[in-house]
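Enquirer: only the shape, not the letters, is given here:
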């Protein structure tokens, strides 16, 4: 009998993995310390040897995913490394995958196809608010549990975008995504945003409704070409009883241009909900309806929050609605919320971390002017750096925020040491995936530094680029492009058109245009850039070669 694998003297793994994918493999196991079932996910290195960059990204994405609290996402319990391979320990999910449901039944009952998609939208809403993009949404990553709830799997193995290149995932030898569900922008330039997830959801919904892929092909290459170039056949052509409004929504989700898709997962949820009706029994997938479901009981009560009083005669309608009710959204909390707010909106660990950070910063704020001394500011910066090394980005950011407030009162917001604290705060937020919170910090820094040092100061340009980066990583491509165009104009004036910084910014603008489906604009940007690169550096320059590759990927472009 083979020796059982035990990780960290705690997690016993079953003899064989449950499944393998391009980025990882999943093992069923048991947490011997708490005596519970778990699932353990390992990163698979494409080349078979340790990839430090991939390990770093995995750790970063794991931290973001661990903050994602939603009943439709498996809970993360632990993270670690075993034999130089990073792993994630999470809740074991029992049920049937949507891919297996489709294989067994063909197309799904209309109400259930919509109900599964609507629950997925609820999860995506929470994820996108946390600046987390799934990037590989597909039927195999959706699990229907016996009480009818949907779990969205594999957020923990999504690959985070690289800070060094805001619009392009560094290639690791593995495709990020599955061709049958990949948005055109993922195929063309490896860019992903919240609307890329919506495209994938459209592919999944189409398949649930019709039993067929949106596009089919004998190879991944053919499949990807169709995702980029072909218009989908309306789902009603395969199934006439699909309501016109639902068919129109599917087509909108599958639009080639990201900006033409619905604005958000929440907007899609609202459009789906009226069609999530008649959720009859699914043989082999659901438990006996007579068995009480704690989840549905819980959701039934929550469905009445913020709704006017209803009479007992309405209970029949009420019961029907609970089968498709998700947990209501809660508003996001900022670092500036009170301790009571943090306790309400965060998990216990985050609340404790915030409380510790506040206590430490308050203890450090002892100067006669109502702020802290320079020595105390330096000590807090050292402590925050220690937190970052331990991957405690949220705690580090809260500590720095409080230090910035106190230091600004003592020395002014444009004092050099306070500026360093503000920049450190913004960088910690960014590295922790808090792009929506980092963006205004970078913006305020750029404004204050421009007034102090002049608009052409190097640090001003750097903060403006980071600000645009936050917009791009948050999926706000149009906003990012406007910020980058303005920055390019000022950099060309300050540094000259042939400076490496301005040339690199033009490449990033072209990549963002390409990822947003603005192929004509991207072609013009990249073609002009290639001409200048050849003029300045010659035809064999590495960046010129990369730009040629990008131009070759553009649909219909001829050099």
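Expert: On my side now, so go ahead. If you're wondering where the values come from, they're calculated on a predicted model, not measured in any experiment.

Enquirer: look up how far residue 376 lies from the most centrally placed residue in the chain.
Expert: A centroid search over the chain (C-alpha atoms, centre = their mean) returns residue 132, at 1.7 Å, as the residue closest to the centre. For residue 132, the distance to residue 376 equals 35 Å [C-beta to C-beta, to the nearest Å]. To be clear about C-beta, it is placed using only N, CA and C from the backbone, and glycine gets the same treatment.

Enquirer: surely residue 153 meets residue 143?
Expert: Yes: with the criterion set as C-beta atoms under 8 Å, residue 153 and residue 143 qualify as a contacting pair; they are 6.0 Å apart.

Enquirer: overlap of the contact sets of these two?
Expert: residue 93 (C-beta atoms under 8 Å, 6 or more residues apart in numbering).

Enquirer: show me what stretch 434-450 is in contact with.
Expert: Counting by C-beta under 8 Å, 6+ apart, stretch 434-450 makes contact with 131, 334-335, 393, 397, 413-414, 419, 422-423, 425-427, 429-430, 457, 459-460, 463-464, 466-467, 469-471, 473-474, all of which sit outside it.

Enquirer: hang on, the earlier thing: find the nearest non-adjacent residue to the residue nearest to the centre of the chain, please.
Expert: If the residues on either side of it in the chain are set aside, residue 132 comes closest to residue 64, at 5.2 Å by C-beta to C-beta, 6 or more residues apart in numbering.

Enquirer: that neighbour and residue 432 touch, don't they?
Expert: Yes: with contacts counted by C-beta under 8 Å, residue 64 reaches residue 432, the gap being 7.4 Å.

Enquirer: tell me which of these two has more neighbours.
Expert: Remark: of residue 64 and residue 432, residue 432 carries more neighbours, 23 against 20, as counted by other C-beta atoms under 10 Å.

Enquirer: local confidence estimate at the more buried one?
Expert: Among the per-residue scores, residue 432 shows a pLDDT of 79.

Enquirer: so who does the residue nearest to it when sequence neighbours are not counted touch?
Expert: Spatial nearest neighbour of residue 432, chain neighbours left out: residue 393 (3.2 Å); criterion: C-beta to C-beta, 6+ apart. Taking C-beta under 8 Å, 6+ apart as the contact definition, residue 393 lies against 63, 387, 428-429, 431-432, 434.

Enquirer: quick one: stretch 498-513 to chain centroid distance?
Expert: Taking the mean of its C-alpha atoms, stretch 498-513 sits 25 Å from the chain's own mean (C-alpha atoms, centre = their mean, to the nearest Å).

Enquirer: now do the buried residues in that stretch.
Expert: Buried residues in stretch 498-513, counted by 16 or more other C-beta atoms under 10 Å: 501-503, 505-513.

Enquirer: for those, which one is nearest residue 260?
Expert: The shortest gap between residue 260 and any of the buried residues of stretch 498-513 belongs to residue 513, at 15.2 Å (C-beta to C-beta).

Enquirer: the closest one and residue 104: what is the separation?
Expert: Applying C-beta to C-beta to residue 513 and residue 104 gives a distance of 43 Å.

Enquirer: so who does residue 532 touch?
Expert: Neighbouring residues of residue 532 by C-beta under 8 Å, 6+ apart: 497-498, 503.

Enquirer: can you list the buried residues in the helix or strand hosting it?
Expert: Of the helices and strands defined by DSSP states H and E, residue 532 is found in helix 519-537. Residues of helix 519-537 classed as buried: 519, 521-523, 525-526, 529-530, 532-533 (neighbour count, 16+ other C-beta under 10 Å).

Enquirer: elements contacting the helix or strand that comes right after it?
Expert: Scanning the chain past helix 519-537 towards its C-terminal end, the next helix or strand to appear is helix 542-553 (assignment: DSSP H and E). Where contact means 3 or more C-beta pairs under 8 Å, 6 or more residues apart in numbering; DSSP states H and E, helix 542-553 is packed against helix 184-189, helix 500-515, helix 519-537.

Enquirer: avg pLDDT for helix 542-553?
Expert: The average pLDDT for helix 542-553 rounds to 84.

Enquirer: and that helix, what's buried?
Expert: Judged by neighbour count (16+ other C-beta under 10 Å), helix 542-553 contains these buried residues: 543-544, 547-548, 550-551, 553.

Enquirer: chain center to that helix: distance?
Expert: Using C-alpha atoms, centre = their mean, the offset of helix 542-553 from its chain centre is 27 Å.

Enquirer: quick one: contacts of that helix?
Expert: Helix 542-553 is contacted by residues 188-189, 503-504, 507, 510-511, 514, 522-523, 526-527, 529-530, 533-534, 537-538, 557, 559 when judged by C-beta under 8 Å, 6+ apart.

Enquirer: that one to helix 500-515, inter-axis angle?
Expert: Between the axes of helix 542-553 and helix 500-515, defined by axes from the mean of the first three to the mean of the last three C-alpha atoms, to 10 degrees, the angle is 20 degrees.

Enquirer: okay, angle between helix 542-553 and helix 519-537 too, please.
Expert: Using the same axes, to 10 degrees: helix 542-553 against helix 519-537 is 160 degrees.

Enquirer: okay, and the closest residue to residue 155 other than its chain neighbours sits in which element?
Expert: Across the structure, with C-beta to C-beta, 6+ apart as the measure, the residue nearest residue 155 apart from its sequence neighbours is residue 65 (4.7 Å). Taking DSSP H and E as the criterion, the element that holds residue 65 is helix 52-66.

Enquirer: roughly how far is that helix from the heart of the chain?
Expert: That offset, for helix 52-66, works out to 12 Å (C-alpha atoms, centre = their mean).

Enquirer: stretch 247-254 now?
Expert: For stretch 247-254, the distance between its averaged C-alpha position and the chain's averaged C-alpha position is 22 Å (C-alpha atoms, centre = their mean).
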